[in-house]
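Trainee: Give me coordinates for this.
(chains A and B)
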Amino acid sequence: MFKLEAKNLDLFYGNKQALKNISMGIKPNTVTAFIGPSGCGKSTLLRCFNRMNDLIENVRIEGEVLIDGRDIYHSRINLDDHRKKIGMVFQKPNPFPKSIFENVAYGLRINGVKHKKFIAETVERSLRQAALWDEVKDNLNKSALALSGGQQQRLCIARALAVEPSVVLMDEPASALDPISTNKIEELVHALKSKYTIVIVTHNMQQAARISDKTAFFYIGELIEYDDTSKIFTNPGHEKTQNYVTGRFG
Amino acid sequence: MNSSRINRIIDQLFKVFAIVCTFIGISVLGVLLFDVFSRGLERLSWDFLTNLPSRFPEKSGIYTALYGMVWLLVLTILISFPIGIGAGIYLEEYGKKNRLARFIEVNIANLAGVPSVIYGILGLQVFNRMMQLGNSLLTGALTLALLILPVIIVSTREAIKAVPKSLREGSLALGATKWQTIRRVVLPSSMGGIITGLILSISRAIGETAPLIVIGALVYVPFVPKGPMDEFTVLPIQIFNWTTRPQQGFVINAAAAIIVLLIFTFFLNGIAVYLRNRWYRKLKG
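Mentor: As a prediction, the model looks like this:
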């Protein structure tokens, strides 16, 4: 049984086709890396899983996207409830202009959770999971914007975890961060694997090799190769993949 | 003379020109303030603020005008703020970006440029006559609300537009509905800009005379208004009224009233600056 699945997925921005007949399945509690040159469609596919592409005008989608076996584009699901099950971390840290505490509590508050103790516990647990608790525990009421970029990104991860999703989508989460912060995020991804299904888009080949179980290589809207990470990086079955992971293009 | 020397001279000349330009603006304000203060300052007193209008300039005060102005402002705020902010939110967050939206956008910008006296004529016809509200506070407030609505809508939109898309996406990705996203993320982030627009629009409303004269507010009002359906007068009209009188005493009264009006406006602008700064500081932590 796959956690996430795409079946014959086509996506168009106006007349331009951004995804071509993508079919792939992602198992629960794995880390899957999407790699490929810019504009290859990897972020677009990632954003299909929580329907963030709906926000863009003139997007047309054909085929199926299944979460736990349910088609999220065609069955009658409540989009807001669906997104609560799928956490997302963006390329640039995007903390809300609120306190650190309120950022993490946001997902609970919009769900109408009022229980103060429960909120406080969830905030602490999420911050611990995101390996940020020790750095911020004395400043929970400080503005999140006062944190460093790496801390902000971990705060955004904590914010996503607070609503207890089963999937975490990460769109180049470390591309705007320094090496130390990047390392922390990678350790975090590793630690979170036991509880969550993680899909991570990255431009950094070493990162993909270090943290993922499976790797998918995309090129101009097509899924070229999807296999175990070790195989993709040592013995890829496709020449384009070989050229890309060895840095000959892209 | 070589070219670099010429360039230096031009550079200096432009600097002098810029200084002169700045000086002209400031000196006009200086002359105005000096003129008004030198005539009106001696007339300013508690009595002047609390006296009713009178035939005798020494006994005349601006009590009714002040009272009417506060009434008018409160009503105008109550009418225009919710509508203006609501329209701004709709246009920016909900409205589709199609040809109709652009048409509306251009026309709202146009409305902001319509001379205020035209609004007065509209108010006279629609509110005063068709809706039979007479030359009441309500007519005045509705007319002023129409006048400042475009300013509020445009500034609300600009403030909302400045909120990064990534914040909206962050909220929606957590499962927030559109309204939750607007209320909890977009509006708090843009409130500094919205408040600034609101107070600037109110500053504009305070100074307006023409539309109020047209709707029929230029009347002798011996009593303060008790409710929104009462007749009223406001400071600019009182000033206008006094400057048309031949007696020197009323000119002095006008100058004193101008001082009060200026203080009122500066005070409001001060609040705007204070609120905006406080808001930004709160956001930055």
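
Trainee: how many other residues sit next to B:Ala87?
Mentor: 19 (other CB atoms under 10 Å in any protein chain shown). To be clear about C-beta, it is placed using only N, CA and C from the backbone, and glycine gets the same treatment.

Trainee: With adjacent residues omitted, what lies nearest to the residue nearest the centre of chain B?
Mentor: For chain B, the residue nearest the mean C-alpha position is B:Arg204 (2.1 Å; CA atoms, centre = their mean). Leaving aside its chain neighbours, B:Arg204 sits nearest to B:Ile148 (5.9 Å; criterion: CB to CB, 6 or more residues apart in numbering or on different chains).

Trainee: my read is the one you found is in a helix, agree?
Mentor: Yes: B:Ile148 forms part of a helix when assessed by DSSP: H, G, I helix; E, B strand; the rest coil.

Trainee: Is A:Thr182 in a helix, a strand, or coil?
Mentor: helix.

Trainee: picking that back up, okay, and the residue nearest to the centre of chain B sits in which element?
Mentor: helix B:187-207 (DSSP states H and E).

Trainee: Buried ones in that helix, by neighbour count?
Mentor: By neighbour count on 16 or more other CB atoms under 10 Å in any protein chain shown, the buried set for helix B:187-207 is B:187-203, B:205-206.

Trainee: repeat for stretch B:175-189
Mentor: So stretch B:175-189, judged by 16+ other CB under 10 Å, has buried residues B:Gly175, B:Ala176, B:Gln180, B:Thr181, B:Ile182, B:Arg184, B:Val185, B:Val186, B:Leu187, B:Pro188, B:Ser189.

Trainee: so what pLDDT did the last one get?
Mentor: Translated: B:Ser189. B:Ser189 is assigned 88 on the pLDDT scale.

Trainee: That one and B:Lys165 touch, don't they?
Mentor: No: between B:Ser189 and B:Lys165 there is no contact under CB atoms under 8 Å: 11.8 Å.

Trainee: Okay, and the beta partners of A:Leu19?
Mentor: A:Leu11 (DSSP bridges).

Trainee: Contacts only, for it.
Mentor: Residues near A:Leu19 by CB atoms under 8 Å, 6 or more residues apart in numbering or on different chains: A:Leu9, A:Asp10, A:Leu11, A:Gly41, A:Thr44, A:Leu45, A:Cys48, A:Gly221.

Trainee: Please identify which of those residues is nearest to A:Thr202.
Mentor: Closest to A:Thr202 out of those is A:Leu45 (13.5 Å), distances taken as CB to CB.

Trainee: Surely the closest one touches A:Leu9?
Mentor: Yes: assessed by CB under 8 Å, A:Leu45 is found in contact with A:Leu9 at 7.4 Å.

Trainee: Now for those two: what residues contact both?
Mentor: With CB under 8 Å, 6+ apart, A:Leu45 and A:Leu9 have common neighbours A:Leu19, A:Ile22.

Trainee: Who are the contact partners of the residue nearest to B:Gln180 when sequence neighbours are not counted?
Mentor: Counting by CB to CB, 6+ apart, the nearest residue to B:Gln180 once its immediate chain neighbours are dropped is A:Ile110, at 4.8 Å. For A:Ile110, the contacting residues are B:Ser171, B:Leu174, B:Gly175, B:Ala176, B:Thr177, B:Gln180, B:Arg184, by CB under 8 Å, 6+ apart.

Trainee: of all these, which two lie farthest apart?
Mentor: Among the contacts of A:Ile110, B:Gly175 and B:Arg184 lie farthest apart (CB to CB), at 12.5 Å.

Trainee: quick one: A:Met88 is in a helix?
Mentor: No: looking at A:Met88 with three-state DSSP, it is strand, so not inside a helix.

Trainee: Could you report the neighbour count for it?
Mentor: A:Met88, neighbours per other CB under 10 Å, totals 26.

Trainee: ok, so what distance separates it from A:Ala208?
Mentor: 19 Å (CB to CB, to the nearest Å).

Trainee: Got the confidence number for the residue of chain A found nearest chain B?
Mentor: Nearest residue of chain A to chain B (CB to the nearest CB) works out as A:Ser143 at 2.3 Å. At A:Ser143, the model reports a pLDDT of 90.

Trainee: That one touches A:Phe101, doesn't it?
Mentor: No: counting by CB under 8 Å, A:Ser143 does not reach A:Phe101; the two are 10.6 Å apart.

Trainee: quick one: contacts for the residue sitting nearest the centre point of chain A?
Mentor: Centroid-nearest residue in chain A: A:Leu169, 1.7 Å away (criterion: CA atoms, centre = their mean). A:Leu169 sits next to A:Leu46, A:Arg47, A:Phe49, A:Asn50, A:Ile86, A:Gly87, A:Met88, A:Val89, A:Ile198, A:Val199, A:Ile200 when contact means CB under 8 Å, 6+ apart.

Trainee: Mind doing that once more with 6 Å?
Mentor: By CB atoms under 6 Å, 6 or more residues apart in numbering or on different chains, the contact set of A:Leu169 is A:Leu46, A:Phe49, A:Met88, A:Val199.

Trainee: B:Leu72 too?
Mentor: B:Leu137, B:Gly140, B:Ala141, B:Val234.

Trainee: Which residue does the stretch 1-150 of chain B have closest to chain A?
Mentor: B:Lys97 (7.2 Å).

Trainee: Assign a three-state SS to the closest residue to that residue other than its chain neighbours, would you?
Mentor: Nearest non-adjacent residue to B:Lys97, counting by CB to CB, 6+ apart: A:Glu57, 7.2 Å away. Classification of A:Glu57 using three-state DSSP returns coil.

Trainee: Drop anything exposed from the contacts of A:Leu169.
Mentor: Taking 16+ other CB under 10 Å as the criterion, what is buried in the contacts of A:Leu169 is A:Leu46, A:Phe49, A:Met88, A:Val199.

Trainee: No more questions from me, cheers.
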